[in-house]
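Trainee: build me a model from this:
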Amino acid sequence: MALSELTIIGACPAFDDGMPGQEYMESIKTSAMRSERHGFSAMLVYSDHQQFDPWLAANHLMSFTKKISPLVAVQPLYTHPFTVAKLVTSLSLTYDRPVHLNFISGGFPHDLEAFCDSKSHDQRYERVGEYGEIVRKLLSTGRPLTYHGAHYQVSGLHLRLAAGVGPECAPIFTVSGSSPAGMAVAKRLGARAIEYLRPAQHYDRVTRPEGIQYGTRLGIVSRGTAEDAWAVARSRYPDDELGREMREYYTRVSDSVWVKELGSEVSVPEGHPYWLGPYKNGQASCPFLVGAREDIARELIGYFKMGLRTFLVDDPPTDEDAFEIQSVFTIAEEAFVRGTR
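Mentor: Numbers count the residues shown, from 1 in each chain. Next up is the predicted model:
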């Protein structure tokens, strides 16, 4: 495996209520330039009722960078698939690079209720499958599209702009792969199945469906020693009783498989880098790896052995954190290659 086979994706900063718009735009610029400087290939752009419009954010981050691509979260309730395909094409033509798509089936329960969306978990994934098929065909076939599904129907729909986009701008698709329905959609769309995982050792005897590219989402706090890393992590993500109560509430009302799984307890040996503290306190939406570089690299190698090649990492807040993330992946990749020769 060469490092080029790994896809390291950062994340845009989340918008906080009351933050001035210009301040938020500046934070996107800073984060995008930092991520590009440290070798990330893309940045996840969030999409929910509380966030800035993801397409404005995507355009902004591309305007200050030369190589990095946005991974825009798209929700069928927000935007018609033709509009998504047209936005992808327009940005790719403007900046001559890919615009990737992260397909979301649901969201916060109250957001779905506001749209009066009563579809079940699996029905929402079926809708995402149709949505993604239309987007992919509009971007790739160059011909008018007629499509008759349970959720979407189009007749002779043609995105002429797509003819001007070269193959080097072909987008990556990602979708949550923590449930059977999510895995089925990943296979249907040729998307990368992103999972929210336990420590790698928990999957020693687990067989995984073939024909799917796998990835995971996690945060990383790495330093030269475990003591230094944990000091940074606990200072940055202190216990938060209100945040913990909000996370417990959301876990109860959500029908998301990965939310339920991360809400249950996990047992790790003393000194293991896997940490759910920020997730349980409502400060992050993924597990973290915290520790010395070599400890985190060993855990990443375990994920490599499972076939994972795509990693969505929580937004590194400083250049030091971005450098540490780049370093642990380099250490892990080099050790993995040596071990497979």
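
Trainee: CA only for contacts and neighbour counts going forward, please
Mentor: Will do.

Trainee: stretch 203-210: end-to-end distance?
Mentor: Stretch 203-210 has its terminal residues 15 Å apart, counting by C-alpha to C-alpha, to the nearest Å.

Trainee: which residues touch it?
Mentor: Met306 (C-alpha atoms under 8 Å, 6 or more residues apart in numbering).

Trainee: cutoff 10 Å now
Mentor: Contacts to stretch 203-210, defined as C-alpha atoms under 10 Å, 6 or more residues apart in numbering, come from residues Pro180, Met183, Ala184, Lys187, Leu197, Tyr214, Gly302, Tyr303, Lys305, Met306, Gly307.

Trainee: just flag the most distant two among those residues.
Mentor: Farthest pair in the contacts of stretch 203-210 (C-alpha to C-alpha) is Ala184 and Gly302. Separation: 24.3 Å.

Trainee: relative to Ser140, how far out is His158?
Mentor: Taking C-alpha to C-alpha, one finds His158 at 11 Å from Ser140.

Trainee: break down the chain into its helices, ranges please.
Mentor: 21-37, 54-63, 81-95, 109-114, 121-140, 180-189, 226-236, 241-253, 257-263, 277-280, 293-305, 319-340 (DSSP state H).

Trainee: okay, the angle between the last one and helix 293-305?
Mentor: Our comparison of helix 319-340 with helix 293-305, counting by axes from the mean of the first three to the mean of the last three C-alpha atoms, to 10 degrees, yields an angle of 60 degrees.

Trainee: kindly report the same for the first one.
Mentor: Between helix 21-37 and helix 293-305, the angle comes out at 80 degrees (the same axes, to 10 degrees).

Trainee: ok, and what's touching helix 21-37?
Mentor: Contacts for helix 21-37 (C-alpha under 10 Å, 6+ apart): 8-16, 40-43, 45, 52, 56-58, 60-70, 315-320, 322-323, 326.

Trainee: equivalent analysis for stretch 333-341, please.
Mentor: If you take C-alpha under 10 Å, 6+ apart as the criterion, stretch 333-341 is touched by 1-3, 5-6, 297-298, 300-302, 304-305, 327-330, 332.

Trainee: average pLDDT for that stretch?
Mentor: For stretch 333-341, the mean pLDDT works out to 84.

Trainee: separation between Ala14 and Leu44?
Mentor: Relative to Leu44, and taking C-alpha to C-alpha, Ala14 is found at 10 Å.

Trainee: and the two? Which one has more around it.
Mentor: Leu44 (24 against 16; other C-alpha atoms under 10 Å).

Trainee: the more buried one contacts Leu71, correct?
Mentor: Yes. Between Leu44 and Leu71 there is a contact under C-alpha atoms under 10 Å: 4.5 Å.

Trainee: now do the shared contacts for these two.
Mentor: Residues within reach of Leu44 and of Leu71 at once, by C-alpha under 10 Å, 6+ apart, are Ile9, Gly10, Ala11, Cys12, Pro54, Ala58, His100, Leu101, Asn102.

Trainee: ok, longest strand in this protein?
Mentor: Looking across the chain with DSSP state E, the single longest strand is strand 213-223.

Trainee: count of residues packed around the residue nearest to Met246 when sequence neighbours are not counted?
Mentor: With C-alpha to C-alpha, 6 or more residues apart in numbering as the criterion, Met246 has its nearest non-adjacent residue at 6.9 Å, and that residue is Gly282. If you count neighbours by other C-alpha under 10 Å, Gly282 ends up with 21.

Trainee: mind listing what Gly282 touches?
Mentor: Per C-alpha under 10 Å, 6+ apart, neighbours of Gly282: Tyr237, Asp239, Asp240, Glu241, Leu242, Gly243, Arg244, Glu245, Met246, Arg247, Glu248, Tyr250.

Trainee: how close does it get to Cys169?
Mentor: In this view, Gly282 and Cys169 are 36 Å apart by C-alpha to C-alpha.

Trainee: again with Cys116
Mentor: 36 Å.

Trainee: next one: Ser140
Mentor: Separation of Ser140 from Cys169 (C-alpha to C-alpha): 11 Å.

Trainee: what about these two, which has more around it?
Mentor: Between Ser140 and Cys169, counted using other C-alpha under 10 Å, the more crowded position is Cys169 (18 against 14).

Trainee: skipping adjacent residues, who's closest to the more buried one in space?
Mentor: Pro98 (4.0 Å).

Trainee: picking that back up, any chance of a markdown table for the helices of the chain, columns distance to Glu210?
Mentor: Below are these laid out as a markdown table (distance: least, C-alpha to C-alpha, whole Å):
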| stretch | distance to Glu210 |
| --- | --- |
| helix 21-37 | 31 |
| helix 54-63 | 32 |
| helix 81-95 | 28 |
| helix 109-114 | 32 |
| helix 121-140 | 19 |
| helix 180-189 | 9 |
| helix 226-236 | 36 |
| helix 241-253 | 30 |
| helix 257-263 | 20 |
| helix 277-280 | 30 |
| helix 293-305 | 14 |
| helix 319-340 | 21 |
